[in-house]
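Q: Dropping the sequence and predicted coords here.
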Amino acid sequence: MDAVTLLTNDHDKVRRLFRDFETAEEAEDSARQETIAEQILHELEVHTSIEEEILYPAAGELSEETRKLMLEGVEEHHVVDTLMSEISDLGPDDEAFAAKMTVLIENVEHHAEEEESELFPKLREELGDAALKRLGTELAAAKERHEAGAATDGRSRDELYSLAQERDLPGRSSMTKEELAEALEDQ
Ligand SMILES: [Fe+2]
Ligand SMILES: [Fe+2]
């Protein structure tokens, strides 16, 4: 899959989650809002990380105009990151939670739309099909790495140990928490 298709699919997935969140909000279903908000934060964290690691540096090597679009993207990610870290500290019953989620959704929708209408067409034009495909492969690998990282983040040694047991990880009983996390991510 080429880089632009992969990232556009990610955008579409997040847009669907935004609509689900709004439906849960209208229904005043706070448990569902919390679950969907967690999914949104997870998807956005992985997506912005792989863009910053792989796509943006590649865009920075291209024309002056593309570099400018990329730099704007970095600043928009920065705003999104700040909102995400504030939201993750709040529960859905907090008064500011819904307001921050609304602003997050507005910001991400604007940013994704700008990438799709300005940055991505530039990448397609300046990189060409083969390079876009190579970048797509790198993005997919980075995505897998981040997903694996997210699965072990914030877990205790006991939790990691049971995960290792489930997956029949060799040598698990003598591993420290960090070694377990690393071995599980590498699996
Ligand atoms: Fe982005
Ligand atoms: Fe994006």
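A: Everything's here; your move. Ligands and ions are numbered 1, 2, ... in the order given.
Q: Tell me the residues on this structure that lie near ligand 1, please.
A: Proximity of the chain to ligand 1, by C-beta under 5 Å from the ion, involves residues 51, 73. Heads up, the C-betas are built off the backbone N, CA and C, glycines and all.
Q: for the chain, what are the low-confidence residue spans?
A: The chain contains no residues with pLDDT under 70.
Q: can you tell me which residue is nearest the centre of it?
A: residue 46 (2.4 Å; C-alpha atoms, centre = their mean).
Q: Now do the same contact list for that one.
A: By C-beta atoms under 8 Å, 6 or more residues apart in numbering, the contact list for residue 46 reads 143, 146-147, 150.
Q: between those, which is nearest residue 98?
A: Set against residue 98, the nearest of these by C-beta to C-beta is residue 150 (24.7 Å).
Q: Name the helix or strand for the closest residue to that closest one other than its chain neighbours, please.
A: The shortest distance from residue 150 to any non-neighbouring residue, by C-beta to C-beta, 6 or more residues apart in numbering, is to residue 42 (6.2 Å). Secondary structure assignment for residue 42, by DSSP states H and E: helix 30-50.
Q: so how far is stretch 34-49 off the chain centroid?
A: How far stretch 34-49 lies from its chain's middle: 6 Å, per C-alpha atoms, centre = their mean, to the nearest Å.
Q: Extract the CA atoms of it and return them as CSV.
A: What follows is stretch 34-49, C-alpha atoms only, in CSV (Å, rounded to 0.1, in the frame of the first residue of the first chain):
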residue,chain,number,x,y,z
GLU,A,34,-14.8,7.1,27.5
THR,A,35,-14.2,3.9,25.5
ILE,A,36,-14.3,5.7,22.1
ALA,A,37,-12.2,8.6,23.4
GLU,A,38,-9.5,6.1,24.4
GLN,A,39,-9.6,4.5,20.9
ILE,A,40,-9.4,8.0,19.3
LEU,A,41,-6.3,8.9,21.4
HIS,A,42,-4.7,5.6,20.6
GLU,A,43,-5.3,5.9,16.9
LEU,A,44,-4.1,9.5,16.8
GLU,A,45,-1.0,8.8,18.9
VAL,A,46,0.1,6.0,16.5
HIS,A,47,-0.8,8.0,13.4
THR,A,48,1.0,11.3,14.4
SER,A,49,4.0,9.3,15.5
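Q: Pull out the buried positions in that stretch.
A: Using 16 or more other C-beta atoms under 10 Å as the test for burial, stretch 34-49 gives 34, 36-37, 40-41, 43-49.
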